[in-house]
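> turn this into a model:
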Amino acid sequence: MTIVFAIFTLVLGYIAVIDFKTRKINNYWSLFNLVFTVLLFILLPQHYQLSYQHFFIPVLIFVMGFFLYFIKVAGAGDVKFLSTFLLALPYEFQLLFVNKLIVTTIVFAVTVIAIKIAMQFRLVIDALLSRNLQALKSVILGSKFAYSPVLFFNLLLVIWESGII
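The predicted structure is shown next:
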């Protein structure tokens, strides 16, 4: 499993850099995850078994992510990549990854919002005083942030906590 998680780390680290620069995750990375998952099911049957349990969390995340994409909270590439990445994880790590991801996402989002408020403090005050909620929303939320660096950091936390590498 050490080699598998090393591959996960390298690939997700690379994707995090690309996503941070371009704000886009190409579909071929999701396809890579699917092909890698099939290989893992063939090569490591002790960790990968065809069962509804293995597919439940990735499908649930895909459905929830589709909703978040629909309301313009998440990007389609992020949703597809996360779902297929979860498929590639052994079942015993999926729930740990998702639980940590919830906390990691909240911490990153709050940090990004706090930095935006600090950097544009005067605009935030002006928007509050004038009760201009649209201006306040654009200052605080602004543009989307790259999500794969959050996934990468989360993977490192899971690896560290599990003692895999």
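> what's near enough to touch residue 124?
117, 136, 139-140 (C-beta atoms under 8 Å, 6 or more residues apart in numbering). Quick note: C-beta positions are derived from backbone N, CA and C, even for glycine.
> most neighbours among these, which one is it?
Of the contacts of residue 124, residue 139 is surrounded by the most neighbours, 20 neighbours in total, counting by other C-beta atoms under 10 Å.
> could I get the helix or strand where it lies in CSV with only the CA atoms?
For residue 139, the host element (DSSP states H and E) is helix 133-140. Extracted in CSV, the C-alpha atoms of helix 133-140 (Å, rounded to 0.1, in the frame of the first residue of the first chain):
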residue,chain,number,x,y,z
LEU,A,133,-24.7,42.9,0.2
GLN,A,134,-23.7,42.3,-3.4
ALA,A,135,-20.4,44.2,-3.0
LEU,A,136,-19.8,42.4,0.3
LYS,A,137,-20.4,39.1,-1.3
SER,A,138,-18.1,39.8,-4.2
VAL,A,139,-15.3,40.9,-1.8
ILE,A,140,-15.6,38.0,0.6
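> show residues contacting it.
With C-beta under 8 Å, 6+ apart as the test, helix 133-140 has contacts from 113, 116-117, 120, 123-124, 126-128.
> what is the subsequent helix or strand relative to the least confident helix or strand in the chain by mean pLDDT?
In the chain, no helix or strand scores lower on mean pLDDT, DSSP states H and E than helix 133-140, which sits at a mean of 80. Counting by DSSP H and E, the element after helix 133-140 in chain order, helix or strand, is helix 148-162.
> tell me the buried residues in that next one?
148-159 (16 or more other C-beta atoms under 10 Å).
> how far away is the residue nearest in space to the middle of the chain from residue 130?
Centroid-nearest residue in the chain: residue 151, 4.0 Å away (criterion: C-alpha atoms, centre = their mean). Going from residue 151 to residue 130 by C-beta to C-beta, to the nearest Å gives 38 Å.
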